[in-house]
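1. here are the coordinates; sequence isn't available:
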């Protein structure tokens, strides 16, 4: 019934044209969409339809010839079955060709329009399949289609079960399906023979079309019997054509390169491919309908009808859909009676639904389309699975089976012939999405699903190349390049997982609304079906299946919240890829055996344009050789891979990916302070890289840069391990642990190389010096790599980082040797001379500092250069200290060697200040260098003062040098700068003033003669004493020093008094000395406070006070207290004597009387107190403080005058 009705579609591709409200279609061999569709208003219901020709192989449009009335179509025209340009390539086999759809026709289209698949298009199919689906509610004929899902796209292909079983009886394939079908559908199936009427209709249609392009309308003699035979058997030959059904395993191994080129029936052989949008459904449709044009009718479709048979609904829908799909505005109908042409009739496309006897609602067709699409999309959810949509002839029930699941229950799950084309398509769509750099992040979830399903479908042993490639692409989906930015890189992946899928589908398919999904009551019959439409009538109900119009991906892109999880995923894919490559090498025993004496010819790129990278190759080889990496001239792999083969290329990519993943893992472990784990990962990264170097025939600069980064990180890890030596056992345990995955990857690497190239860098040493030197070696190697080619200029940041680290590690090593030298020096007791070991350590330390300074200076890092210069200064001071021990302690003098090294230290500190320029550059470093410089000058001056080199220099010269050094020390000691170091600076300055005052005091005592010089010394001593007092008074923790300075001032006053003759002058000096005594009250109060605190503390703890700083100064306090008591007693006695003698000589003075009385009183109190040997320290201090108070009150009026 359906055959004659559909006869009109069985026509050869001719030309393309359009007219009326529809715009032109593209012509000839055009691949660009040049057609714009339009909305058609049909039968009062608006149905939006838009068709764009994506590709057309049809010849230019040809005008059809109007046949004369009474032309006998039973007589063949002269050109019948001859190949004709007007009919296109299918001209000779026109019978049956356009109707017979190949089982893989949608795949051929999908390969050609890979951009549309998985993303924009809902359905890819032959137009015949689309029409058949949309006619389901109107037709009793059977429907059998294979459905595949790729992303959001469904591929529909005719699945001719009858033909399949005819083939399977010969090949043995699909036997499981044959049994299932017989059990399910009918017990005895047999192929239905085509009726004579069918062949008669086909023949006259064919002759009609040839007449229409011939144009002369004259009947010709019948062609030869052979040609006649060809016409009648065309359909049968096509049925048994082997190419249409590929055997399951006939795909060539290179299919991943260009599957569309295979002769396995995967070609796109439609006359035109059209992007048809019907309402909101986007379809990529293949059509072979011939379109004629010319004259008044630029685009028409041509149909032949038997005048005795009225047009029915099925034929009307057929004609209407064909014209919509091909954007043809009119239909030309030729009526005949028994093969004799009667008349022609023109019908507009939009009038077809209203023809007599074939009325149908376009709105209903739209509803059917939307419902079928929704039904398929919501049930064909598993990518890679082959679904079978089946409706038995005369039945109302439509069933959907998952053939893949049924097939997996059989012995060989690879028996499904759709497996390979589906896998290839999944792979190609994923590849295509990956290529689109601007949008691929958005599609990562889809790409991953496609690739996982592709891998799931393929047999590892049969398709290693696609599996390796798919796994590599899976690993590429995860961003490893920016380990620090993982938060930002995850967000688009999160958002996209449901991007092209609706949220509405939470509703379960077996809810009330979609009751039609529920399985049939007879379990034995339908329990294998995935879903069932109980009655085809339901498809006409608007939006019956609307809730599930969109599909969610079967697996969204995984959100890896931490770096380790992401890298582990990448490595799992890399491992699968490596296994595929390795297994394919094992199997390929047809590899030619290589002669060990003949070098393997390697294909190098012509690099003449790349600025002499031959040198780069050599330098890299030399460098790796120096590091012990390359076996002599062995660039080939141990497994026998041929350079340039797919295995070689793929393994290189996978190894590089694994090295990156391990690098990122190592970096992450480093930031978590898991240094043992970090070293294990960087070792794996370097082992991967070493293998890459062995396999690589042409080292890329990008890969060299990676190596530089790996070595830099390795250096960092070794340095951190050196600095965390106390936790070595835990680090060692982490370092030795290995996962099964890591072991398997390492095993694959060992197939190609020994992986020992960087063993020197990744050993976990227990020796601190060893770890530091390995770290330094790593940085040096990283730096050497950057010197190759123009890597240094291309990656300035990396270069600066490496040099900074080199400077830093050299500083660390320098400090290490310097500390060792200092330790040796402190242990030296017996031998007074400097040992050779010490000198060696100085040399090593100095050399490291010098190199480090050079590193920092080369990148203009003034601050770090200053710090290293500062450390070199410290080293010079250690050298100076080492020379001070020589000779007898009692006869010790400041030696010339000490002077030399201290001056060198000063030079380095001054260089450091010059390097910084100003304090603004780095205030903390500037202050630190100033302090060290001040300390050096102070130490020099102190040593010269305490161990004056009198055997070499005159006293005056020494005093002059000491004075100069002290003043320079003061210059670099900033007492006014508010900082944590301010009290230290104040104490240092006070000590300098105290020492200078003591020196001038001493000079004054020992000097005879030059009165001018004595006066100068007196003034200087007085000035420095007063400055020292001022500074010590600012400090809360130096009461003893303040007391000592004040006592020295008193002694200075006493010394001055000895040279005075007049009583008035002596009295004045005495009064000044007593005033100084009064001012020491502050110091005693501080001492008292400290003693009370110490006493309270010992009381609360009920233990004797610890020998800390406060208890250490107790002896000093007692000593100073004794001196103070005796000096005060002496001054009071002298005062009493002088005041008494003055009183006798002169008339009585009231003030002097009061003063004398007070002094006598205080003196007697003091004598009593000192006589009492049982008085405690606190009591003695209290008596003194009271005495000083009395003295201040009693001599207050005079004291001021006497000053």
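-> On my side now, so go ahead. Model, not experiment: these values are computed from the prediction.
2. all helices in the stretch 151-300 of the chain, in order from the N-terminus.
-> 161-171, 175-184, 196-214, 225-239 (DSSP state H, counting those that start in this stretch).
3. same question for the third one, mean pLDDT?
-> By that I understand helix 196-214. For helix 196-214, mean pLDDT rounds to 84.
4. got it, and stretch 277-295?
-> Averaging pLDDT along stretch 277-295 gives 85.
5. do the same with stretch 836-848
-> For stretch 836-848, mean pLDDT rounds to 91.
6. Am I right that residue 120 sits in a strand?
-> No - secondary structure of residue 120 (DSSP: H, G, I helix; E, B strand; the rest coil): coil, not part of a strand.
7. got the contact list for the closest residue to residue 118 other than its chain neighbours?
-> Leaving out its chain neighbours, the residue that sits closest to residue 118 by C-beta to C-beta, 6 or more residues apart in numbering is residue 151, at 2.7 Å. Just so you know, the C-beta spots here come from the backbone N, C-alpha and C atoms, and that holds for glycine as well. The contact partners of residue 151, taken as C-beta atoms under 8 Å, 6 or more residues apart in numbering, are 117-119, 383, 429, 446, 449-450, 553.
8. Residue 985 versus residue 151, what's the distance?
-> Per C-beta to C-beta, to the nearest Å, residue 151 is found 74 Å from residue 985.
9. again with residue 1167
-> From residue 1167 to residue 985 the distance is 43 Å (C-beta to C-beta).
10. Residue 114 now?
-> Distance, residue 114 to residue 985, by C-beta to C-beta: 76 Å.
11. what's the answer for residue 678, then?
-> According to C-beta to C-beta, residue 678 and residue 985 sit 42 Å apart.
12. Check residue 365 too.
-> 96 Å.
13. In terms of packing, which of these two has more residues around it?
-> Higher neighbour count among residue 365 and residue 985: residue 365, with 25 against 22, using other C-beta atoms under 10 Å.
14. in the chain, which spans are strands?
-> 38-42, 45-56, 123-126, 143-150, 153-158, 272-278, 281-287, 291-292, 300-306, 330-337, 340-348, 386-391, 398-402, 529-533 (DSSP state E).
15. Out of those strands, which is closest to residue 801?
-> Smallest distance to residue 801 across these (C-beta to C-beta): 45.7 Å, for strand 143-150.
16. Pull the distance from that closest one to the chain's centre.
-> Centroid displacement of strand 143-150 relative to its chain, using C-alpha atoms, centre = their mean, to the nearest Å, is 40 Å.
17. What is it packed up against?
-> Contacts defined by 3 or more C-beta pairs under 8 Å, 6 or more residues apart in numbering; DSSP states H and E place strand 143-150 against helix 127-134, strand 153-158, strand 386-391, helix 419-435.
18. Show me how the record splits this protein into domains.
-> Following the TED database, the chain resolves into domains at 49-182+200-215+268-416, 563-584+617-626+638-765, 1053-1095+1113-1197.
19. closest to residue 461 out of those?
-> Nearest to residue 461, of all those, is domain 563-584+617-626+638-765, at 6.8 Å by C-beta to C-beta.
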